[in-house]
Structure formats: structure tokens, C-alpha cells
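A.B. asks: Fold the following for me, if possible:
(chains A and B)
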Amino acid sequence: GESVGLHLPTLSVQEGDNSIINCAYSNSASDYFIWYKQESGKGPQFIIDIRSNMDKRQGQRVTVLLNKTVKHLSLQIAATQPGDSAVYFCAELDSGYSTLTFGKGTMLLVSP
Amino acid sequence: DSGVTQTPKHLITATGQRVTLRCSPRSGDLSVYWYQQSLDQGLQFLIQYYNGEERAKGNILERFSAQQFPDLHSELNLSSLELGDSALYFCASSVDPGEGGELFFGEGSRLTVL
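C.D. replies: Have a look, this model is predicted:
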């Protein structure tokens, strides 16, 4: 596969650790947020979303936290696995415009 | 498999040329989006179509154009290509942008301009 970026912040963890990926968003009018995962050579894939009327949402092994006061979003991955290695993007939506704006991405590297 | 199909997967061309990238959305999805992904710019929104009509425009250059056809497939046309246009171009689709932002992405078209 091909690398999607050589200048991304990188988080390196050991298999089994919990990972936390952070994202600062810019638009205070954004009311919907999504985390995407992009594996090498593939398109972004939806992981989990959260609306602005919530501050936490859990999925399978993933949790998203939203702090609207400081415009901060985080993705927590429990018991990280080598298959979780990918670039993770947060995206924000201002529903008045109906288009997603993506953050720069964070590369997660999981060592066995 | 997201259900979104993009062709070609790889394309190499020269500066000044024109190329067309094609996208077939997921069955039933009316909205199509084009994004450009380069190493230093991340995923940049270019343009969105909904049921054949342009819905939103992002950072799309005047040398680029797109359209969505009655069968809902979309094409992105890139002309007068420059070295800096080398990037991954993604198409995504959704049922209705008003339902939220979950987009289903294709695997991208890798454009290399020499």
C-alpha cells in the first residue's frame, strides 16, 4: 500500500495498550463529528460519530469524547491491535453546510 | 468494500494534459463528494453533487470541473495539469447529506503528473 502522509503526528503503542488520539476542531458551529480510519492504500472508513448534544459515545472497543468548551475531540481505542494501525482523521460537520471538513490526521502504529 | 467504485485506480500523465476520474456511488446514494488528498494538505473537499445538482463547492480550482449524471455516477475533470495536482482523489457518497455526515469512500484514484 501507499503512505497517505509523511508529515503526520504519529502515536506509537504496544499491542494491548489503550490508545488516545486527539483532535482540535475549528468551527464552533459544527454539530456533528466523525472519526475515520484510513489504512494504507484504502479510502477513509467510518469508525464512530457523535452529535454536539452528547459528550461521550461508545462503540466496540472505541469511545469518542467531545468537549465543546475547548473544541476538542478524542478517540479512545481499547486493547489496541496491530490491525488498528492506520491514519485516523476527525471530521466536523456544520449541518448548515452539509459538508465534512477533515482534520490533518494522526498515524497510529501498533507494535506486536 | 464500501460500495463506491472509482476508476482508474492509478493514472500517470504529463503536465498540461487533461484527465477524467470516474465514480459510481453506492446503490441508492444520491449525494457524491470529491476530495483531494495530498501529503501536505490532508483531505481537502472539492465539490458535492446531490441528485445531479451541484450542492456545495470547496477548494476546487477553476481548471477542475465535475458533474453528476442522471444515473448518479460522477466524473471529475482535471485539465491543464500541473505537478502539484499529483494526489489521491477520493469520491464518497451518502444517502442524504441532511441525515448526517457519514460518507462512504471509494479506494481513490492516484494521479501522478510528470
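
A.B. asks: is chain A contacted by stretch B:76-93?
C.D. replies: Yes. Interface with chain A: stretch B:76-93 contributes B:88, B:90, B:92 (C-beta under 8 Å from any C-beta of the partner chain). (Each C-beta comes from the backbone N, C-alpha and C, glycine too.)

A.B. asks: List just the nearest of these to chain A.
C.D. replies: Comparing the residues of stretch B:76-93 next to chain A against chain A with C-beta to the nearest C-beta places residue B:90 closest, at 5.4 Å.

A.B. asks: Roughly how far does the closest one sit from residue B:44?
C.D. replies: With distances taken as C-beta to C-beta, to the nearest Å, residue B:90 is found 10 Å from residue B:44.

A.B. asks: returning to what we had before: out of the residues of stretch B:76-93 next to chain A, flag the one nearest to residue B:29.
C.D. replies: For the residues of stretch B:76-93 next to chain A, the residue nearest residue B:29 by C-beta to C-beta is residue B:92; the value is 9.1 Å.

A.B. asks: Double-check the closest one against residue B:107; I have them as touching.
C.D. replies: No. Counting by C-beta atoms under 8 Å, residue B:92 does not reach residue B:107; the two are 11.1 Å apart.

A.B. asks: Find residues that contact each of the two.
C.D. replies: Counting by C-beta atoms under 8 Å, 6 or more residues apart in numbering or on different chains, the residues touching both residue B:92 and residue B:107 are residue A:43.

A.B. asks: between the two, who's got more neighbours?
C.D. replies: Taking other C-beta atoms under 10 Å in any protein chain shown, residue B:92 and residue B:107 do not tie; residue B:92 has more neighbours (27 against 17).

A.B. asks: Now do the same contact list for the more buried one.
C.D. replies: A:43-44, B:4, B:32-35, B:103-106.

A.B. asks: okay, among those residues, which ones form the most distant pair?
C.D. replies: Taking C-beta to C-beta, the two most distant members of the contacts of residue B:92 are A:44 and B:32; they sit 15.3 Å apart.

A.B. asks: quick one: the strands in the chain?
C.D. replies: Picked chain A for this. A:10-14, A:19-24, A:32-38, A:45-51, A:56-58, A:62-67, A:72-77, A:86-93, A:100-102, A:106-111 (DSSP state E).

A.B. asks: other chain: chain B
C.D. replies: B:5-7, B:10-13, B:19-24, B:31-38, B:42-50, B:53-57, B:64-68, B:74-78, B:87-94, B:104-105, B:109-113.

A.B. asks: Walk me through which strands the last one pairs with, and which way each runs.
C.D. replies: Taking DSSP bridges as the criterion, strand B:109-113 sits next to strand B:10-13 (parallel), strand B:87-94 (antiparallel) in its sheet.
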